[in-house]
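J.: I would like the atomic coordinates for the input below:
(chains A and B)
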Amino acid sequence: MSILSCHDPSASTHNTTHPTIALVGNPNVGKSTVFNGLTGLRALTTNYPGTTVEVAVGTAALGGRTIQIIDLPGTYGLTSVDGDQRTTWETILKERPDAVLAVVDGTNLARNLYLVLQLIDLGFPVVVALNMSDELEREGLRIDAAHLGTLLGIPVVATVATKAEGLREVLHLAATASRASSRIHRYSPEAERAIAAIAVESSVPDAFLTLEGAPPPGGISPETNPVVRAAVTRFEEASGCRGAIAIAVDRHAAADRITNAVRIGPAELRGRMVWRVATNPATGVPILAGVLGIIFAGLFWGGSMLAGLTDRMWAAVFSPVVRAVVTAAAGSGMIGRTVLWAADAGINALLSIGIPYVLTFYLLLAILEDTGYLTAAAVLLDRSLGRFGLTGRAAIPLVAGAGCNVPAIIGLRTLRTERERLIAGTLITLVPCSARTAVIFGAVAALAGPGWAIGLYVIVALVISGAGWGLNRLLPGGRPILLMEVFPFRAPTARTVLRKTWFRVREFVVHAAPVVLAGSLLLGALYETGLIRLVARPLSPIVEGWLGLPAVAGLTLVFAVLRKELALQLLLALALVEYGRGATSLLAFMTPQQIFTYALVNTIYIPCAATIAILGKTLGWRRAGLISAGTITLAVLVGGVATRVLGLLLPYAR
Amino acid sequence: MRAALSSLEPGTRAVVATLPPDAAVADELAALRVLPGEEIEVVQSLPFGGPLLIRGAGGLYAIGRGLAGQVGVET
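T.: Here you go, the predicted structure:
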C-alpha cells in the first residue's frame, strides 16, 4: 500500500473541496515569505531557522478557485528527523496535499535538491520554486530553471519571494500538478536493484521508505516480508552501511550532478571570514557586548524620547478634550472621576510607557533578526548554555523571549529533548520581555538613572544563571547535542523590518489596550470609593514590611498578572490622579530605590497570564503551576534582599 | 590518519569516515551532506569545549563538541 494510494478523504482534516498545496523546503529559504505572498497572510519571517514552528494554513484565490496552502516548518530531510522537522513529515502524511511546492534556495542548490529528490522518490507531485534568484545574480551566478525542470521531470519556476516575482506562476503550476511526479533521476545500480525488487511487492515510494528505515505504517516491512528483507540485506551488505546512509550518499551525488549541469557561472563562494570574526571569542564577545549595548542605548534614548513626545502630545492636545467630554457626560462626581482613570490616565500611561518602549524594542529586534546575527550569538553562547543543560540552539528562543515570552515558548519545539524544553521554558519566563523592559526603562532608567537599569539587568541575569544551573543539577539526563546550520549574514531591508515591527506593535496594542483600560477602570473604582486601602491591606506585610513598597504599589503588581507593563501603567495612572501630570510624578510617592525594587519584583515574579497559558499547553499545567509559584517566591526573596542591600549601600554611595 | 572531528584545528580539511552510532543523529547529518566520503573543513573551533563550525559541500554548520567527538574523520 502506498502512502499516496491509500488516500481516504475522510481521514484527512483539511477541507477536501479545495485543492491543498503544502510548502516544503530547507530552513531559512523563504517559505514563509512565499506563504505570505500567496495568501496575503502575515507569518513572521526571520533570518534564522525555526520561525515556523506551527503549521500555518491560508488560502489563495486562483481563477475563481480557492486553494488551501499549508506552510510547514523547514526541514532537511523527511523521514529521519527529530524535533520541529518531524512536524513536517507527520503533517504531510496526515494532510496528503494534492501537490507539494518545494521552495529551494538557489544559492545552495545542491543541498536543497536533496529534499526535492526525496519528495519525488516518495511519489509526491512536486513543483519547485527556485527562490532567491536575485541573490544568485548578485553573486554572478545563474541557474537554468528550464533545464533543471527537464532533469528533475517536474516544473521549476525562478522566484524572488521578497518581491512576489514568479509566485502566481508557481501557484498555477502547483494547482494543476495533479499526478505523482515521474522519477527521472537514477541512483547507484545496487540501490535501483533493491528499489525495483521491493517495488514489485508494493510501490516505488514504499521501497524508498523501507530502504530509509521508515517502512510505511501498515504496509510492507522487512520483518514480515522475506522478499523485502532479502533486498534490504543485500543492499546494505553491498553498500557497507545502513540503507538510510547509502540512499543519502546516492541522493546527494545525484543532486550534485544535476546542480553542476544547470549552474552557469563560478561555483558558489560564501564568506567564511565574517563567521570566523563573529564566532571567535576574541572578536565575537566584544561584538556581542556591542550589540547588547546598542539595544540598551536605543531603548534608553529612543524609547524615552518617544515616550516624552507622546506624553506631551497627550497632555497638550488630547487630555483636555477627553476631560471635557467625560465631565460633560458623566459629571465630576465619583463616576466621572472613575471613567477618567481609564479614558485619560490609562491611555496616557499606555502612550508613555507601553507603546514607546515596546515599539523601539521590536524595531531593534526586527533589525537584529534579519541580519542573521542571532545564529552567531547561538554559537558563541553554546559553551555557557551548556552549564544550564542547554545548547546554543536555545539562545534563539531565549532572545525571542526578550520580545515576548509567548512565541518564545512556542519556539521551544525546535529543541531536541524534553529536558531542554523544560529548562529553557523556565528560563524564558525569567527573561524580561518587551513589556517588562518598558517598565524597567520607563521607570527605573528614566527616573532613577540608566545605571540602576543596568544593575537590574545584572541581577536578573544572575537569577537566570542560578535557575539554569540549579535546574541542570536537579533534573536527570545528559548533555544535549548541537547541530544547526549557520546562514550568511544579510543586510536587513527597511520594508521587512518596518512591516514586522508594525505587525508586532499592532498585536501588542490590540491585546494591551483593553486590559489597560479595564484595569485602570477597576483600580479607579477602588480608589474613588476608598476601597483600595481595604483591598491592599492583606498584601501589606509582604509589600510594605518585606519589600518596603507602598501597599497600593503591591496591588498594581497583582493586577500585572494580566500584563506585565500594566503594573507601571496603573502605578502611573495612580500617580497622575494623586500628584498631577507628568511621568515624574511617580517620584512624588516612591523613591528611586523603591522604583528599582518594584521593577525588579515585577520582572521576576509570575509570568503574565498569556505566558502561563502557553506554558501549560507546552510543558503541562503542573509544571506551569510550579514555575509560577517558584518565580513568585524568587521575586519576593530577591526583591526583599535587594531592598536591604540597597538600604545598606546607598548612604555610602551618596 | 583517523581522528575525531572534535580534535581538528581550524583550517584543517578532512574526509568524513564514520558517523555517530545514534541512527537519528546520523541520518540528520546525512541529510546535511555530512557523510562518509565527503570532505569537510573546520572553519572555527571555539575554546573551552565550545562548538565547531564546519563547512562541507552542503553548507556551513555549527556542531557541538560532544557530537563532533562521535564523528570519525580521515586527515
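J.: Which residues of the stretch 351-500 of chain A lie near chain B?
T.: A:375, A:378-380, A:382-383, A:386, A:391-392, A:479-487 (C-beta under 8 Å from any C-beta of the partner chain). Where C-beta positions appear, they are placed from N, C-alpha and C, glycine not excepted.
J.: Please name every helix or strand in contact with the longest helix seen in chain A.
T.: Using DSSP state H to define each element, chain A has its longest helix at helix A:494-529. Packing partners of helix A:494-529 (3 or more C-beta pairs under 8 Å, 6 or more residues apart in numbering or on different chains; DSSP states H and E): helix A:334-340, helix A:347-349, helix A:355-371, helix A:532-536, helix A:551-559, helix A:566-579.
J.: Distance of the residue of chain B most remote from its centre relative to A:P281?
T.: Relative to the centre of chain B, and counting by C-alpha atoms, centre = their mean, the farthest-placed residue is B:F48 at 17.6 Å. Separation of B:F48 from A:P281 (C-beta to C-beta, to the nearest Å): 9 Å.
J.: What's the nearest residue in the stretch 151-300 of chain A when you look at chain B?
T.: Per C-beta to the nearest C-beta, A:A248 is where the stretch 151-300 of chain A lies closest to chain B, at 3.7 Å.
J.: that older thread, want to try JSON lines for the helices and strands packed on helix A:494-529, with mean pLDDT and mean neighbour count as columns?
T.: What follows is the helices and strands packed on helix A:494-529, written out as JSON lines (pLDDT from 0 to 100; neighbours: other C-beta atoms under 10 Å in any protein chain shown):
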{"stretch": "helix A:334-340", "mean pLDDT": "86", "mean neighbour count": "19"}
{"stretch": "helix A:347-349", "mean pLDDT": "82", "mean neighbour count": "24"}
{"stretch": "helix A:355-371", "mean pLDDT": "86", "mean neighbour count": "23"}
{"stretch": "helix A:532-536", "mean pLDDT": "81", "mean neighbour count": "15"}
{"stretch": "helix A:551-559", "mean pLDDT": "85", "mean neighbour count": "22"}
{"stretch": "helix A:566-579", "mean pLDDT": "81", "mean neighbour count": "26"}
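J.: for the longest helix of chain A, which positions count as buried?
T.: Judged by neighbour count (16 or more other C-beta atoms under 10 Å in any protein chain shown), helix A:494-529 contains these buried residues: A:496-497, A:499-501, A:504-505, A:508-509, A:512, A:515-517, A:519-521, A:523-528.
J.: same check, this time on stretch A:173-188
T.: Under 16+ other C-beta under 10 Å, the buried positions of stretch A:173-188 are A:L173, A:A174, A:A175, A:A177, A:A180, A:S181, A:R183, A:H185, A:Y187, A:S188.
J.: Show me which pair in the residues you listed is furthest apart.
T.: A:A175 and A:S188 (35.5 Å; C-beta to C-beta).
J.: Point out where the chain drops to low pLDDT.
T.: As the question left the chain open, I've gone with chain A. Chain A contains residues with pLDDT under 70 at A:1-17, A:42-54, A:80-84, A:178-181, A:265-272, A:580-584, A:651-654.
J.: Which stretches in chain A count as strands?
T.: For chain A, the strands defined by DSSP state E cover A:20-25, A:56-62, A:65-71, A:99-105, A:126-131, A:142-143, A:156-158, A:263-264, A:483-485.
J.: Just the residues contacting the fifth one, thanks.
T.: Contacting residues not belonging to strand A:126-131 are listed as A:29-30, A:34, A:99-106, A:116, A:119-120, A:143, A:145, A:148-149, A:152, A:154-161, A:166-167, A:170, A:173-174, A:177, A:181 [C-beta atoms under 8 Å, 6 or more residues apart in numbering or on different chains].
J.: how distant is it from the center of its chain?
T.: How far strand A:126-131 lies from its chain's middle: 26 Å, per C-alpha atoms, centre = their mean, to the nearest Å.
J.: Over to the fourth one?
T.: Its chain's C-alpha centre lies 22 Å from the corresponding centre of strand A:99-105 when counted by C-alpha atoms, centre = their mean.
J.: try the first one
T.: Per C-alpha atoms, centre = their mean, the displacement of strand A:20-25 from the mean C-alpha position of its chain is 21 Å.
J.: residues near A:L447, how many?
T.: 18 (other C-beta atoms under 10 Å in any protein chain shown).
J.: what's the distance between it and chain B?
T.: Remark: distance between A:L447 and chain B (C-beta to the nearest C-beta, to the nearest Å) = 40 Å.
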